[in-house]
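>>> build me a model from this:
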Amino acid sequence: MLRFEGEFKDRDYIQTIENLFFCVVGYVHPPGRVISYLKYIPRNNLKGGYERILAFYTIPNIEKTLTYLEKNYPKYIIYDNKTYGSKFSSVPLSSIKLHLRPEERVSEIIAQDKKLDYLESKALKFILKLSEVSGVPTKFFGITGSILLKIHNPDFSDIDITVYGLENSLKVKEAVLDMYEDPSSGLSKFTGKLLRDWCNDKAKLYPLTVKEAEELYRRIWNRGIFEEKMFSIHPTRLSNEIREKYGEKIIHQKDLVDVDVKILDAEESIFMPSTYKVEETICRSPKIKVDIDELVSYEGLYCGIFSEGEWVSVRGVLEEVEDKRKGKSYFRVVVGSLKAKGKDYIKPKS
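Take a look at the predicted model:
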């Protein structure tokens, strides 16, 4: 099933009673609240409209939105020392004005085929193309980002797509990779100045060199160009693929660590948060003598780009996880947490 009634999924959006727009993160939410980050706020001028408060999807920028909320809307900050081990932003159900679902926006655009603006038409064409080549029905696609909110600029905004279900996402991934090889498909990866700019930006925002950023982009399948418009594709879980409930895991954050790990299973890494099962660990941090079972990334840059059997070098926060459902504890390393303050990374081991 794509979605249960009242279910909030990764890349949904919420409009609050103050007309703030939050983007939903993941699938595991506290009772009566929805974990999400603040993305757009109303412009404080006579022209109206919205401005993007989250300039980049990085921890320093997320922290800026938390500071803004603490000062102006503290009810959207929650402190959780057990399940997540930190503070984060979330919206109480009582403060939700609209719940915007990406798959419903696709249905709307299909129904309004003759009344679309340039970007909506391009997005629809892209989805129909992906559906045709992959064999995935259009009902399993969604549109997120500014097009979902209807605040997009047809000239400058990107196309941000969701695909629901692991099997469907893998089919779309295979189709996209095939289309990159076909000049007539309209799809291409970043090249030339666009690629150089992307790599330079990532080297400024993350603890990466330009060469390391270029290697990461070589592996990334879900960001490119469709007929002169930048796009992103975000695999999203079907309802029966959500296996965790809030409170089933208790998190004990430890220290920032440096480790090398060998990936055992990368299947769940296609989703956000991205989870890689690990089978071997080499700890490079002194006094750390534990075996790592999982590598988890809340940073989308590292989602779905590493493979089974591959060794990667990681800097992240060590966490001990009490899994109450399975009655056991294990260790994982998390990339993209507030505690790391943007100093964490995953890199292929040369």
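>>> quick check, Leu149 in contact with Asp12.
No. Contact criterion Cβ atoms under 8 Å: Leu149 and Asp12 do not qualify, at 11.1 Å. From N, CA and C alone the C-beta is placed, and that goes for glycine too.
>>> between those two, which is the more surrounded one?
Shown here are Leu149 and Asp12; by other Cβ atoms under 10 Å, Asp12 has more neighbours (25 against 18).
>>> overlap in contacts, Leu149 and Asp12.
By Cβ atoms under 8 Å, 6 or more residues apart in numbering, Leu149 and Asp12 have these common neighbours: Leu100.
>>> you'd agree Asn200 is up against Val210?
Yes. Asn200 is within contact range of Val210, at 6.1 Å (criterion: Cβ under 8 Å).
>>> partner strands of the strand ranked longest in the chain, with direction?
Ordering each strand of the chain by length in residues (DSSP state E) puts strand 249-265 first. Next to strand 249-265 in the sheet, as set by DSSP bridges, lie strand 274-283 (antiparallel), strand 311-323 (antiparallel).
>>> now distance to Glu132 and mean pLDDT too, for these, in TSV please.
Putting these into TSV (distance: least, Cβ to Cβ, whole Å; pLDDT from 0 to 100) gives the following:
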stretch	distance to Glu132	mean pLDDT
strand 274-283	28	95
strand 311-323	35	96
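>>> dump these to a markdown table, plus distance to Phe231 and mean neighbour count.
Shown next, in a markdown table, are the strands paired with strand 249-265 (distance: least, Cβ to Cβ, whole Å; neighbours: other Cβ atoms under 10 Å):
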| stretch | distance to Phe231 | mean neighbour count |
| --- | --- | --- |
| strand 274-283 | 19 | 19 |
| strand 311-323 | 26 | 19 |
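>>> dump those to TSV, plus distance to Leu264.
Below are the strands paired with strand 249-265 laid out as TSV (distance: least, Cβ to Cβ, whole Å):
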stretch	distance to Leu264
strand 274-283	4
strand 311-323	12
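>>> and these: which comes nearest Tyr246?
With respect to Tyr246, and counting by Cβ to Cβ, the nearest of these is strand 311-323 at 13.5 Å.
>>> now that closest one, how far from the centre of its chain.
19 Å (Cα atoms, centre = their mean, to the nearest Å).
>>> same question, stretch 149-165
14 Å.
>>> the helix-or-strand element of the chain with minimal mean pLDDT: which residues count as buried?
In the chain, no helix or strand scores lower on mean pLDDT, DSSP states H and E than strand 77-80, which sits at a mean of 86. Within strand 77-80, the residues that count as buried by 16 or more other Cβ atoms under 10 Å are Ile78, Asp80.
>>> just checking, next helix/strand downstream of it?
strand 86-92 (DSSP states H and E).
>>> tell me which residues in that following strand are buried?
Here strand 86-92 shows Phe88, Ser89, Ser90, Val91 as buried, counting by 16+ other Cβ under 10 Å.
>>> separation between the second one and Tyr57?
Between Ser89 and Tyr57 the computed distance is 14 Å (Cβ to Cβ, to the nearest Å).
>>> domain assignment for the protein?
Structural domains annotated on the chain: 13-100, 102-239, 248-348, as defined by automatic domain parsing.
>>> which of the buried residues of strand 86-92 sits closest to Val333?
Nearest to Val333 out of the buried residues of strand 86-92 is Phe88 (Cβ to Cβ; 18.9 Å).
>>> isn't that closest one up against Ile35?
Yes. Using Cβ under 8 Å, Phe88 is in contact with Ile35, at 6.1 Å.
>>> how many other residues sit next to the closest residue to Leu93 other than its chain neighbours?
Spatial nearest neighbour of Leu93, excluding adjacent residues (Cβ to Cβ, 6 or more residues apart in numbering): Gly32 at 5.4 Å. Neighbourhood size, Gly32 [other Cβ under 10 Å]: 10.
>>> who are the neighbours in contact with Val321?
Counted by Cβ under 8 Å, 6+ apart, Val321 has contacts Lys249, Ile250, Ile251, His252, Glu294, Ser329, Tyr330, Phe331, Arg332.
>>> TSV for the residues you listed, including distance to Trp311?
Below are the contacts of Val321 laid out as TSV (distance: Cβ to Cβ, whole Å):
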residue	distance to Trp311
Lys249	27
Ile250	30
Ile251	26
His252	27
Glu294	16
Ser329	25
Tyr330	20
Phe331	18
Arg332	17
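>>> can you select the buried ones from those in PyMOL?
This is how PyMOL selects the buried members of the contacts of Val321, with burial counted by 16+ other Cβ under 10 Å:
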select buried, resi 249+250+251+294+330+331+332
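>>> packing partners of the helix or strand harbouring Glu104?
For Glu104, the host element (DSSP H and E) is helix 102-111. Judged by 3 or more Cβ pairs under 8 Å, 6 or more residues apart in numbering; DSSP states H and E, helix 102-111 is in contact with helix 118-134, strand 141-144, helix 145-149, strand 159-164.
>>> compare the ones you listed and give me the one nearest Pro235.
strand 159-164 (5.4 Å).
>>> sheet-wise, list the partners of that closest one with their directions.
strand 141-144 (antiparallel), strand 229-236 (parallel).
>>> okay if I get the ones you listed as JSON lines plus mean pLDDT and mean neighbour count?
What follows is the strands paired with strand 159-164, written out as JSON lines (pLDDT from 0 to 100; neighbours: other Cβ atoms under 10 Å):
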{"stretch": "strand 141-144", "mean pLDDT": "98", "mean neighbour count": "26"}
{"stretch": "strand 229-236", "mean pLDDT": "98", "mean neighbour count": "21"}
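>>> this completes my enquiry, with thanks.
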